[in-house]
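> below are the sequence and a predicted model; questions follow.
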Amino acid sequence: MLTEELSTQTKQAATATLTDQIFRKIQTAIVSGEIAAGSKISEPELARVYGISRGPLREAIHRLEGQKLVERTAHVGARVVSLSHQQLFELYQIRENLEGLACRLAAQSIDKQQILNLREVLHMHAQDPDFKEGKGYYLQEGQDDFHYCIIKNCGNKTLEKMLCDELYHLIRMYRIQYSKTPNRPHRALSEHIRILDAIAEGDAELAELLMRRHIAASYQNIEQNLI
């Protein structure tokens with residue numbers, strides 16, 4: 001009996017690991033645009049491409065629905081999300097207000113080590129080969145993402161959950177896919193530096209204002225380049 005239980009647990013762990021792997025691969029493909037917005041999710045095709053069974057694949061797709069990267073509609077099935085102009089405008093309205101608040105809170109509570117960590121993130125961005133060649137902004141995930149790090153240091157767990165969990169990858173999808181427009185990468189870095197300077201000086205009002213302007217400029221860039 002114990003042997004059977006251990007065998008079942010081992011199989012479950014293997015399935016969970018496989019689901020995590022395929023989830024990450026499909027997530028990256030969607031966020032980068034490799035799987036285009038609006039594309040139908042074909043389980044047989046994805047199972048063939050990634051060489052996995054339908055069970056772990058379905059669980060991965062379900063998790064992507066939770067991240068708002070995939071949506072399921074009646075008579076159509078699962079598709080990669082494709083926001084309308086109005087939906088994108090509303091998303092960036094929310095982002096501008098919430099990240100502006102995160103900057104204000106960070107400026108009021110951040111410590112010197114966290115400031116140094118953020119400066120190191122910006123230094124990595126500036127040294128990125130693609131950025132230097134003007135091919136796009138350095139858009140990494142989590143602790144290497146300037147926006148993510150500020151939110152994580154704002155001290156508001158509800159705000160953190162909304163921006164770093166619920167909306168993070170949906171926002172990231174549009175950030176990445178519109179990060180390569182001419183002149184925007186270097187302007188974005190300059191804006192990030194000014195935002196961090198305001199946070200470091202404890203100027204909460206200025207930090208919020210600069211972040212709101214930065215996100216408004218990002219949305220304007222997207223709007224001008226929407227297909």
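Thanks, I have the structure now. Only a predicted model underlies this, so the values are computations on that prediction, with no experimental measurement involved. Numbering: from 1, shown residues only.
> next SSE after the helix or strand bottoming out on mean pLDDT in the chain?
Ranked by mean pLDDT, DSSP states H and E, the weakest helix or strand in the chain is helix 2-32, scoring a mean of 69. Proceeding N to C from helix 2-32, the next assigned helix or strand is helix 43-50, under DSSP states H and E.
> restricting to C-alpha, output whichever helix or strand comes after that next one in CSV.
Sequence-wise, the next helix or strand downstream of helix 43-50 (DSSP H and E) is helix 54-66. Extracted C-alpha coordinates of helix 54-66, given in CSV (Å, rounded to 0.1, in the frame of the first residue of the first chain):
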residue,chain,number,x,y,z
ARG,A,54,-3.2,16.4,-23.3
GLY,A,55,-3.6,16.3,-19.5
PRO,A,56,-0.6,18.5,-18.5
LEU,A,57,-1.4,20.7,-21.6
ARG,A,58,-4.9,21.3,-20.5
GLU,A,59,-3.8,22.2,-17.0
ALA,A,60,-1.2,24.7,-18.4
ILE,A,61,-3.9,26.3,-20.6
HIS,A,62,-6.2,26.6,-17.6
ARG,A,63,-3.4,28.4,-15.7
LEU,A,64,-2.9,30.8,-18.7
GLU,A,65,-6.6,31.6,-18.5
GLY,A,66,-6.0,32.6,-14.9
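> what residues are bridge-paired with residue 79?
As for beta bridges, residue 79 partners with residue 40, residue 71 under DSSP bridges.
> can you count the residues close to it?
Neighbourhood size, residue 79 [other CB atoms under 10 Å]: 15. Backbone N, C-alpha and C define where each C-beta goes, glycine included.
> what does the pLDDT read for the closest residue to residue 110 other than its chain neighbours?
Nearest residue to residue 110, sequence neighbours excluded (CB to CB, 6 or more residues apart in numbering): residue 153, at 5.3 Å. Looking at residue 153, its pLDDT reads 93.
> number of nearby residues for residue 153?
As a burial measure, residue 153 scores 21 neighbours (other CB under 10 Å).
> next one: residue 124 from residue 71, what distance?
Residue 124 sits 34 Å away from residue 71, going by CB to CB, to the nearest Å.
> what's the answer for residue 160, then?
Separation of residue 160 from residue 71 (CB to CB): 24 Å.
> contacting residues around residue 34?
Contact analysis of residue 34 by CB atoms under 8 Å, 6 or more residues apart in numbering lists residue 28.
> can you count the residues close to residue 93?
For residue 93, using other CB under 10 Å, the count is 13.
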